[in-house]
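> please find the sequence and the predicted model below.
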Amino acid sequence: MRVRGLLFVAMTVCVVALAAGCASDPGTVALTGTVSSQAEGQMEGVVVSARGETANFTVSVVSDAEGHYSFPRTHLVPGRYNLTTRAVGYDLVATGSVEVSAEGPESRDLQLQETEDLASQLTSVEWVMSMPGTTEQKDRLVYTALSCAYCHTFQRIMHSKLSAEQLDKAMHRMQEYYPDGTAVSDDNRGRAQQELTYGGSLGNPTKPRVKSNEEGPSYWGKEISEYLASVNLSGGRTTWDFELKTLPRPTGKSTRVIITEWDMPRRDTVSHDSIVDSKGQLWYGDESRQFVSKLDPQTNTITEYPLPPVPADSLAGARDILVDKDDNVWFPLRIGGGASPVHKFEPETQKLTKVDGAFGQFIAIGGDGKIWTGTTTFHRVDPTTMKKDASFNWSKSPNVPKMIACYQLSADSKGNPWCTGYFGSYIINVDAQSGEARFWSTPTPSAMPRRNKMDGQDRYWFAQYTADKVGMFDTRTEKFQEWSLPHKYTTPYATSEPDKYGRVYASSNMTERLARIDTETGEVVEYLMPGNFDSKKIWVDPSADRPAVMMVNTRSARILRVEPLD
């Protein structure tokens, strides 16, 4: 089955019509209907998903103010589809399949009923909204570099029956898991994997990176264990003695979107990073498996390319990833013993070339075509010679602030590297000519800036994880701007570069929504994802005629394409 509209062929007419339910142009419609319930009547903001019975992807739309939903023919070709919905507080009365024909639009009205199990539908942020407790308790729980939501939703915590002592042991055990290679969705995609420390074996490390629970408290401390035990189902409780609160369903512009999700072939994949090439194909790796993969959205085909194995006692995996101007794929690849040197992969020949001496988790490409990698020390690679030609250790700068650590790399048009100072909330830059390092504090203190992008105007965009904001530093004027997101504890992880209309996108694993920020007006539009959601990088598709963003969903081993319709 083929999603022909993913390149927006013949999409222009239906984009306008779809925002109004496509009723004005039925020839562009594959499937339409109305969503309603006895409690509300016609319902706005219900995510309706259609999946072909033999397909590896799901397409989702959202009902409008009149309860209408509509799938364009560009996204649903003739065939049999199963329909599901997402609307907090409601269940679909009757599931089943619908046949989409080539002759005319199929119509299927959907009836929802109030759920008897609201607790199973809450997002992590809705649990935090609902839980009793002080702001200090909740801040400590959520605003943590490796919070619970880094690997799974709060559902697991709130439904658990573990006491404070048992929780402390469980949380301590989770510290032995490799965070970037661990993520589990509510529908059991992804995996949990213990850390490997270069001398042990997966699942049974001989040198765990933390002490056993009997030797000390968990990373979060006894206070958090006691707090969570006071709000979960421990102590013989069978339900929660507090009101369950929910975010409002999408309205207005938040309903004008098409979301496509492709299942990765391996349901236990935990992909942390991705990149979109000039053809609109998305490349991704697995943080603890030796392969790199490519999605071709025109054919819905995912191709895996095996990479050289690592020794049995070493953690595997491809790390950050980028493409150059010729669509060659670059990534740091683990080779054993903790080393991750940069490699170049040429898709046409499948040739893999290692660069000696240039290693690290993150990778970036500058306007001069040079490749950067590293964290404390930045290594620069000349792609024409495939050799490292410079190294800069910014931590040796005489003006380096205290409590600072470099996160993801970007590079500007002149080929200078930049990164976010994760701890300490700084922006870090190294001048590639002089080697001088400079540092700027974010306007919001303790914002914990994370994933970032450099745009074509040398504006540096970054997510502010503990500030619930998106920030931008204009590297030419050295001025900051910030935009607040609507909900406390959104904890945005990544931002995109601006699309053609100047709108930036930010991901949230707490709200399971993708936020779109209009940087001129400050308007924020949030798109509710069809299921568990967590993305570490967001890319504007360079091949699309209209704005669309693509990303891997780390939480569920899926690839997402989000297409706004306004």
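In hand now; what should we look at?
> can you pull out the helices in the stretch 351-500 of the chain?
In the stretch 351-500 of the chain, no segments count as helices under DSSP state H, counting those that start in this stretch.
> what residue ranges in it are flagged as low confidence?
By pLDDT under 70, the stretch 351-500 of the chain contains no weakly predicted segment.
> is residue 192 in contact with residue 184, as I believe?
Yes: checked against CB atoms under 8 Å, the pair residue 192 and residue 184 is within contact range at 5.8 Å. (C-beta placed from N, C-alpha, C; glycine too.)
> who touches both of the two?
Between them, residue 192 and residue 184 have residue 151 as joint contacts when contacts are counted by CB atoms under 8 Å, 6 or more residues apart in numbering.
> which of those two has more neighbours?
For residue 192 against residue 184, the residue with the higher neighbour count under other CB atoms under 10 Å is residue 184, and the figures read 20 against 16.
> and the longest helix belonging to the chain, which residues are buried?
Among the elements of type helix in the chain, defined by DSSP state H, the one spanning the most residues is helix 164-174. Buried positions in helix 164-174, judged by neighbour count with 16 or more other CB atoms under 10 Å: 164, 167, 168, 169, 170, 171, 172, 174.
> over to stretch 52-66?
If you call a residue buried by 16+ other CB under 10 Å, then stretch 52-66 has these buried ones: 52, 55, 56, 57, 58, 59, 60, 61, 62, 63, 64.
> roughly how far is it from the heart of the chain?
Computed by CA atoms, centre = their mean, to the nearest Å, the chain-centroid distance of stretch 52-66 equals 20 Å.
> what about the strands in the stretch 251-400 of the chain?
With DSSP state E, counting those that start in this stretch as the definition, the stretch 251-400 of the chain shows strands at residue ranges 257-263, 274-276, 282-286, 289-296, 301-306, 322-323, 329-332, 341-346, 351-359, 363-365, 371-374, 377-382, 387-393.
> in a markdown table: those, plus distance to residue 531.
Below are the strands of the stretch 251-400 of the chain laid out as a markdown table (distance: least, CB to CB, whole Å):
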| stretch | distance to residue 531 |
| --- | --- |
| strand 257-263 | 8 |
| strand 274-276 | 18 |
| strand 282-286 | 18 |
| strand 289-296 | 18 |
| strand 301-306 | 19 |
| strand 322-323 | 28 |
| strand 329-332 | 27 |
| strand 341-346 | 31 |
| strand 351-359 | 34 |
| strand 363-365 | 30 |
| strand 371-374 | 33 |
| strand 377-382 | 38 |
| strand 387-393 | 42 |
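> closest to residue 42 out of those?
Taking CB to CB, strand 257-263 is the member of the strands of the stretch 251-400 of the chain nearest to residue 42, at 19.0 Å.
> name the helices or strands packed onto the closest one?
Strand 257-263 makes packing contacts with strand 57-62, strand 558-564 when contacts are defined by 3 or more CB pairs under 8 Å, 6 or more residues apart in numbering; DSSP states H and E.
> who are the contact partners of the nearest residue in space to residue 502 that is not next to it in sequence?
In space, not counting the residues next to it along the chain, residue 502 is nearest to residue 519; the distance is 5.2 Å by CB to CB, 6 or more residues apart in numbering. Under the criterion of CB under 8 Å, 6+ apart, the neighbours of residue 519 are 472, 481, 483, 498, 502, 503, 504.
> equivalent analysis for residue 495, please.
451, 452, 453, 461, 462, 463, 470, 504, 505, 506, 538.
> contact partners for the closest residue to the second one other than its chain neighbours?
The shortest distance from residue 452 to any residue other than its chain neighbours is 3.9 Å, reached at residue 462 (CB to CB, 6+ apart). With contacts defined as CB under 8 Å, 6+ apart, the neighbours of residue 462 are 420, 427, 449, 450, 451, 452, 453, 470, 471, 472, 473, 495.
> hmm, back to that, reformat the contacts of residue 519 as a markdown table; add neighbour count.
Formatted as a markdown table, the entries for those read as follows, by neighbours: other CB atoms under 10 Å:
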| residue | neighbour count |
| --- | --- |
| 472 | 22 |
| 481 | 14 |
| 483 | 19 |
| 498 | 22 |
| 502 | 12 |
| 503 | 21 |
| 504 | 25 |
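> of the residues you listed, which pair is most distant in space?
Pairwise distances across the contacts of residue 519 (CB to CB) peak at 14.2 Å, for the pair 481 and 503.
> now do the nearest residue to residue 526 once chain neighbours are set aside: how many residues are near it, please.
Take residue 526 and drop its neighbours on the chain: the residue closest to it by CB to CB, 6+ apart is residue 513, 4.3 Å away. By the other CB under 10 Å criterion, the neighbourhood of residue 513 contains 25 residues.
> so what's residue 513 up against?
Under the criterion of CB under 8 Å, 6+ apart, the contact partners of residue 513 comprise 526, 527, 528, 529, 533.
> helix/strand/coil for the second one?
The reference is to residue 527. Of the three states, residue 527 takes strand according to DSSP: H, G, I helix; E, B strand; the rest coil.
> and it, what pLDDT?
What the model reports for residue 527 is a pLDDT of 98.
> quick check: it vs residue 174, distance?
Distance, residue 527 to residue 174, using CB to CB, to the nearest Å: 30 Å.
> swap in residue 315?
Using CB to CB, one gets 17 Å for the distance from residue 315 to residue 174.
> circling back to that earlier point, residue 72: which of the contacts of residue 519 is nearest?
Using CB to CB, residue 503 comes nearest to residue 72 of those, at 21.8 Å.
> surely the closest one and residue 549 touch.
No: proximity of residue 503 to residue 549 does not meet the contact threshold set by CB under 8 Å, at 9.7 Å.
> would you map out the domains in this structure?
Residue ranges for each domain of the chain read 4-115, 119-229, 252-564, as given by automatic domain parsing.
> most tightly packed of the ones you listed?
Highest mean neighbour count of the domains of the chain: domain 252-564, a mean of 20 (counted as mean count of other CB atoms under 10 Å).
> contacts only, for residue 374.
Neighbouring residues of residue 374 by CB under 8 Å, 6+ apart: 358, 359, 360, 362, 391, 409.
> could you rerun that using 7 Å?
Listed by CB atoms under 7 Å, 6 or more residues apart in numbering, the contact set of residue 374 reads residue 360.
> who does it form a beta bridge with?
residue 378 (DSSP bridges).
> distance of the closest residue to residue 318 other than its chain neighbours from residue 504?
Using CB to CB, 6+ apart and skipping the chain neighbours, the partner closest in space to residue 318 is residue 285 (2.9 Å). Here the criterion is CB to CB. By it, residue 285 lies 25 Å from residue 504.
> then residue 461?
6 Å.
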